[in-house]
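Sharing a model that was predicted from the sequence below.
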Amino acid sequence: MSEPDAAGQAYGEILRLDVLLNLQADVAALHDDLFFIVMHQAHELWFKVLLHELESAREHIAEHDVPGAVDRLRRARCVELLLAQHLDALQTLSAESFEILRERLGTSSGFQSAQFREIEYLSGCKDSRYLASSYFSPAERERLARRYREPSLSETFQQFLECHGIVDLPDALRRDGGGELTDLVTALVEHDRGFQEWRSRHIDIVGRFIGGKPGTGGTAGLSYLHATLDRRFFPDLWEV
């Protein structure tokens, strides 16, 4: 692992580990800080991968390459499973430790993750209220505005159906007989399900730590999170 590769770079250099492993130095003062910070940094890295895969899936759908889109969506689903498992690790924090972390977080919150909102926008859940939010930096607001203007996965799929003259999707799926159209619809719903599972598990964790208290990001806490469970990227496909 320590030997340089053919291009003359070692493993740690390729992964920029000297940078990556020092990104926690200024924010991890107490014992549980490192765990908590790395957990959220890892989430953001996986969110970056999700955006990469979902963008590619959208492009494949637009090009009518169903197998390519399904491959990307299946990888996205695997990432969502990993994210849900990451949340389980938070159970190792005691309520007392979290209370200390909560005080030091101030008004910062996962609610303010711009990439999380980008995933929602890219998938098909576009809430314009976040576009001017003061929680995001100017660069993050610009990214969100771009995602808002771009066609979502949901919109691209609808265009795909129109191009193929599919008006009655349930009938088209019956005639498809478990073929490519069925695979694509299933992969889209599984992506939606993956995010729903993450939201549900997140609510369980938050309930354990804060109960009925307000959220650190200025939300109503659990009541706000419960309301988000109704958000679906592809409500029509769930009906089908």
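Thanks, I have the structure now. Numbering: from 1, shown residues only.

For residue 36, what is the enclosing helix or strand?
In this assignment (DSSP states H and E), residue 36 forms part of helix 31-62.

Check which residues of the helix or strand that that helix is followed by are buried.
Per DSSP H and E, the first helix or strand lying C-terminal to helix 31-62 is helix 66-89. By neighbour count with 16 or more other Cβ atoms under 10 Å, helix 66-89 contains the buried residues 66, 69-77, 79-80, 83-84, 86-87. Any C-beta I mention is one placed from the backbone N, CA and C, and that applies to glycine too.

Tally up the residues packed near the residue lying closest to residue 74 once chain neighbours are set aside, please.
Nearest residue to residue 74, sequence neighbours excluded (Cβ to Cβ, 6 or more residues apart in numbering): residue 187, at 6.0 Å. Residue 187: 20 surrounding residues under other Cβ atoms under 10 Å.

what's the angle from the helix or strand that contains residue 187 to helix 31-62?
Using DSSP H and E, residue 187 sits in helix 180-210. Per axes from the mean of the first three to the mean of the last three Cα atoms, to 10 degrees, the angle that helix 180-210 makes with helix 31-62 is 160 degrees.

what's the next secondary structure element after the helix or strand of the chain with the lowest mean pLDDT?
Every helix and strand of the chain was ranked by mean pLDDT, DSSP states H and E. The lowest is helix 222-228, at a mean of 56. Downstream of helix 222-228, the first helix or strand assigned by DSSP H and E is helix 235-239.

Please spell out which residues along that following helix are buried.
residue 237.

Please apply the same query to stretch 8-23.
Under the neighbour-count criterion of 16+ other Cβ under 10 Å, stretch 8-23 has nothing buried.

distance between it and the chain's centre?
Put simply, stretch 8-23 sits 25 Å off its chain's centre (Cα atoms, centre = their mean, to the nearest Å).

Thanks again, I'm all set now.
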